[in-house]
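In: sequence plus predicted model, see below.
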Amino acid sequence: AQSVTQLGSHVSVSEGALVLLRCNYSSSVPPYLFWYVQYPNQGLQLLLKYTSAATLVKGINGFEAEFKKSETSFHLTKPSAHMSDAAEYFCAVRETGANNLFFGTGTRLTVIP
Amino acid sequence: ETGVTQSPTHLIKTRGQQVTLRCSSQSGHNTVSWYQQALGQGPQFIFQYYREEENGRGNFPPRFSGLQFPNYSSELNVNALELDDSALYLCALRGDLGVLQETQYFGPGTRLLVL
């Protein structure tokens, strides 16, 4: 069975500070992993994905994530937060051969000026 | 821009009514999935259609049903609406070629309010 845990439903950082959003997963088979961002009253936009190639994945808007199999983690980072990064972030997993994405409960990122 | 469109953007219904939500894209995609996102939650998988047939379903009752048409547009139908059906409904299209098959691209969603 697959599951996703996002630690911290709400994270606040100062503008220019490091952003770290945590995601741990459980899966019985090697998964595909995704981070999506959702701005208010909008759908989901793909930030980045891990599909068994390089373990360090670079995405849009300066975000990156590292797949660590030993820790079953896929944490999202950005070196310097920008006001426009304020949004809800969702980690998702899809097992190989499965049809659907399984999402975490999300982390709301607030950026303080 | 994902090129995925959904209609309507907002909808208000009353308990017991039926609703139809629609999803389409500028280019053809064989696979479409529907998700329900309740307030403050992550999206939950409802079902998936591939070449006009349902080929996967989450933990949703049969009153949630769907269709996929030859032009790859899709509908989500919900009968006998309940208050808990109030949510943002998202459709997602999967890429058809190579590595794009691993990625789902979401539309902007339809926000349904059941009174």
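Out: Everything's here; your move.
In: near chain B, which residues of chain A are found?
Out: When proximity is defined as CB under 8 Å from any CB of the partner chain, chain A approaches chain B at A:4, A:32, A:34, A:36, A:41-46, A:49, A:51, A:90, A:92, A:94, A:98-106. All C-beta atoms are positioned from the backbone trio N, CA, C, and that covers glycine.
In: cutoff 7 Å now
Out: Residues of chain A found near chain B (CB under 7 Å from any CB of the partner chain) are A:32, A:42-44, A:46, A:49, A:51, A:90, A:99-101, A:103-106.
In: who wins for most neighbours among those?
Out: A:Leu44 (30 neighbours; other CB atoms under 10 Å in any protein chain shown).
In: surely that one touches A:Phe34?
Out: No: at 9.4 Å, A:Leu44 and A:Phe34 do not qualify as touching, with contact defined as CB atoms under 7 Å.
In: distance of the closest residue to A:Pro79 other than its chain neighbours from chain B?
Out: Of all residues not flanking A:Pro79 in the chain, A:Leu18 sits nearest, at 6.1 Å (CB to CB, 6 or more residues apart in numbering or on different chains). Distance from A:Leu18 to chain B, counting by CB to the nearest CB, to the nearest Å: 24 Å.
In: if I look at A:Leu18, how far off is A:Cys91?
Out: Taking CB to CB, to the nearest Å as the measure, A:Leu18 falls 18 Å from A:Cys91.
In: looking at those two, which is more packed in?
Out: A side-by-side neighbour count of A:Leu18 and A:Cys91, using other CB under 10 Å, places A:Cys91 first with 29 against 11.
In: would you agree that one falls within a helix?
Out: No: applying DSSP: H, G, I helix; E, B strand; the rest coil, one finds A:Cys91 to be strand, outside a helix.
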